[in-house]
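Peer 1: Below is the sequence, then the predicted model.
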Amino acid sequence: MRALIIVDMQNDFTPGGALAVEDGDQIIPIINRIQDEFDFIVATQDWHPADHGSFAANHSGKKIGDFIDLNGVQQILWPIHCVQESFGADFHPDIEMGKWKAVFQKGTNPKVDSYSGFFDNNRQGDTGLSTYLKSNKISEIFVCGLAADYCVKFTVLDGIMEGFKTNLIKDATKAVNLKPGDFEASLKEMKEAGASIVSSNEICEPL
Ligand code: VGL
Ligand code: ZN
């Protein structure tokens, strides 16, 4: 069976949000169309405590974009985003949620960031997503959402490592692009790791 994984379609990652991905809202109609083609849909939600170690504001003398060592893992520092229970952490009002079977929250441990929907960046914390998919006989995953060069990419890479046949829907994701070319570099990395890069029109009728 196949599953759709919708990554972090939250207010803070869409225009007007604290960590807005340019045109991040433009993939919403595409994702909603794709959802019609899936019987098994799950989502991830970036869900940080206010004292999270990935926030530049929690490290005196550091600014957004600086790199630090966070408990042994290299960490880029972000603006305060997706704080638990805040508006920014809510899902975008236009994303359809009616068919979602479950939401997997990540980034809840202040000591480590979590880009992948499966594991924390130190690979110790486990959201339970892999076990959940496997216990529901899912063998193939299709990943979309935000952001292509962080949470989507690491969800794809972990999906492959967990043994799923893994597809990235390339027009249903957008990148932060801290550096120009980060989107293309991420596509290449996912492809080389074994992901299939597919387009939404291979899954559903174009809009
Ligand atoms: C993300 C940076 C920090 C993402 C989450 O969803 O791609 N990026 N937290
Ligand atoms: Zn985050």
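Peer 2: Good, I have the coordinates. Small disclaimer: the values here were computed from a predicted structure and weren't measured. Numbering: from 1, shown residues only. Ligands and ions are numbered 1, 2, ... in the order given.
Peer 1: K153 looks like it's in a helix, true?
Peer 2: Yes: secondary structure of K153 (DSSP: H, G, I helix; E, B strand; the rest coil): part of a helix.
Peer 1: right, and it touches S186 too?
Peer 2: Yes: with contact defined as Cβ atoms under 8 Å, K153 counts as touching S186 (4.7 Å). Using the backbone N, CA and C atoms, a C-beta is placed for each residue, glycine as well.
Peer 1: Flag every residue of this protein that's near ligand 1.
Peer 2: D8, F13, D46, W78, L146, A147, Y150, C151 (Cβ under 6 Å from any ligand atom).
Peer 1: Mind doing that once more with 8 Å?
Peer 2: 7-8, 10, 13, 19, 21, 46, 48, 54, 78, 81-82, 107, 113, 115, 145-147, 149-152, 176 (Cβ under 8 Å from any ligand atom).
Peer 1: Of the residues you listed, which belong to strands?
Peer 2: Of these, the ones assigned to strands by DSSP state E are V7, D46, G145, L146.
Peer 1: The residue nearest to the second one when sequence neighbours are not counted: how many residues sit nearby?
Peer 2: In this case it means D46. Leaving out its chain neighbours, the residue that sits closest to D46 by Cβ to Cβ, 6 or more residues apart in numbering is C82, at 3.9 Å. Other residues near C82 number 26, with proximity taken as other Cβ atoms under 10 Å.
Peer 1: Check T131 too.
Peer 2: Neighbours of T131 using other Cβ under 10 Å come to 12.
Peer 1: Can you check which strand is longest in this structure?
Peer 2: strand 165-174.
Peer 1: Next one, pLDDT for the closest residue in space to D23 that isn't next to it in sequence please.
Peer 2: Leaving aside its chain neighbours, D23 sits nearest to K174 (5.7 Å; criterion: Cβ to Cβ, 6+ apart). Looking at K174, its pLDDT is 98.
Peer 1: Low-confidence bits of this structure, can you list those?
Peer 2: 207 (pLDDT under 70).
Peer 1: Enumerate the residues of it near ligand 2.
Peer 2: D46, G107 (Cβ under 5 Å from the ion).
Peer 1: Going along the chain, name the helices of the chain.
Peer 2: 28-35, 129-135, 151-161, 182-193 (DSSP state H).
Peer 1: do you know which of the ones you listed lies nearest R123?
Peer 2: helix 151-161 (8.8 Å; Cβ to Cβ).
Peer 1: Which other helices and strands does the closest one contact?
Peer 2: Using 3 or more Cβ pairs under 8 Å, 6 or more residues apart in numbering; DSSP states H and E as the contact test, the elements touching helix 151-161 are strand 2-7, strand 41-46, strand 140-146, strand 165-174, helix 182-193.
Peer 1: want to try TSV for these, with mean neighbour count as columns?
Peer 2: Listed next are these as TSV, based on neighbours: other Cβ atoms under 10 Å:
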stretch	mean neighbour count
strand 2-7	26
strand 41-46	24
strand 140-146	25
strand 165-174	22
helix 182-193	16
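Peer 1: out of the ones you listed, nearest to F119?
Peer 2: strand 41-46 (11.7 Å).
Peer 1: Distance check, the residue lying farthest from the centre of the chain against ligand 1.
Peer 2: Of all residues in the chain, G61 has its C-alpha farthest from the mean position, at 28.6 Å, by Cα atoms, centre = their mean. Using Cβ to the nearest ligand atom, to the nearest Å, we find G61 at a distance of 21 Å from ligand 1.
Peer 1: Done for today, thanks.
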